[in-house]
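A.B. asks: Give me a 3D structure for the following:
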Amino acid sequence: MLKKINFLIIAAIILVLLAGHANAVPNPLPGEGNHTLILYGVHPNAKSNEVITSFLAEHPDIRWHESAYNETYEYVYVTPVNECSEQLIYLNKIGIDERSEPSIVSVRIIGCDKVLPLDPLFQFPEVFENYPSLSGDQGLMDYIEENIPGRCAEVERSDSETDVYFIDDTGTFTEYIVTIGKGLFTDNAAYSTFISEDYFTINKSEAQAEALGQRPGWNLTGETILKIDDDVFAWEIPVSNGSGKDTIIIPAELREGYSVMKTEPRGMPGFDLLLTIWSIGTGSIILSKRRD
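C.D. replies: From the prediction side, this is the model:
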């Protein structure tokens, strides 16, 4: 009887140890285990991202770690162990089941000697490079920080104006639109507009269903956008049937009691002064060169 009790106690201890090992996060110290397989085990969505898998195929010997961004997102750093000239960083949503839900928002490859700034410009570096005045719109910075938009679109309004759309469609479809006035030496964020699908009588899913109803047998392609043109709102929905492409326009009407307001960008402290000094300095240099 005593032997049987001892056996049961030992078996229970082994089961507890095995369960604790199974629930442990498999991120060992450098040199312990295959870090690529461990990354895939902890973050399954990494296996379905082409940029990440290509980077890991090119750099099979890696180390990785996580760094908090805010309460909802984290950065995942992937760094080659030997001869590191570049590292991969992606923004990942936390607190969800990655085996059944998308989590990766944005992926970038930067130099190993570069330090990634924890700011909204991580998402769309080329857009902020093309339109520096966007960095002066605090409302846009707040929107990107809070919503983590997954994509951006540029729409030419005229020779002198461009709309830059920042779009979050992971849940409720929202857009933050900055109208850029293009000047002689620099661009200028003229005004901003925030809109949500909740403002309209037809939301994104309903607009897409209506578009496919107009093209039976066709499929959605590209990215849907809710465009503004002279205060007229419409969903632009790209579709294809394999041999041809089309863009279906679905008018969007505001719900009763809702309105969309254009606002002047809320500037960051000192930004306007710096931009003015930069513009004056650039103009002086150009004029002096012309005189020479």
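A.B. asks: C-alpha only now, for contacts and for neighbours.
C.D. replies: OK.
A.B. asks: Tell me where the stretch 1-150 of the chain has helices.
C.D. replies: Here the stretch 1-150 of the chain has its helices, by DSSP state H, counting those that start in this stretch, at 2-23, 35-42, 50-58, 125-130, 138-147.
A.B. asks: For those helices, which has the smallest mean pLDDT value?
C.D. replies: Note on the helices of the stretch 1-150 of the chain: helix 2-23 shows the lowest mean pLDDT, a mean of 50.
A.B. asks: give me every residue that touches Leu140.
C.D. replies: 134, 176 (CA atoms under 8 Å, 6 or more residues apart in numbering).
A.B. asks: again with Pro60
C.D. replies: Pro60 neighbours (CA under 8 Å, 6+ apart): 36, 80.
A.B. asks: which residues of the stretch 51-200 of the chain score low on pLDDT?
C.D. replies: 115-122, 184-186 (pLDDT under 70).
A.B. asks: can we see that at 90?
C.D. replies: 60, 67-75, 82-87, 89-96, 101-138, 141-151, 157-160, 168-171, 181-190 (pLDDT under 90).
A.B. asks: Can you name the residues bridging to Lys182?
C.D. replies: For Lys182, the beta-bridge assignment (DSSP bridges) gives partners Asp187.
A.B. asks: Wait, it touches Asp163, no?
C.D. replies: No. Judged on CA atoms under 8 Å, Lys182 makes no contact with Asp163 at a distance of 10.9 Å.
A.B. asks: Counting neighbours, go ahead and name the busier of those two.
C.D. replies: When Lys182 and Asp163 are compared for neighbours, Asp163 comes out ahead with 23 against 17, by other CA atoms under 10 Å.
A.B. asks: And for that one, nearest residue in space, chain neighbours not counted?
C.D. replies: What sits nearest to Asp163 in space, not counting adjacent residues and going by CA to CA, 6 or more residues apart in numbering, is Thr179, at 4.4 Å.
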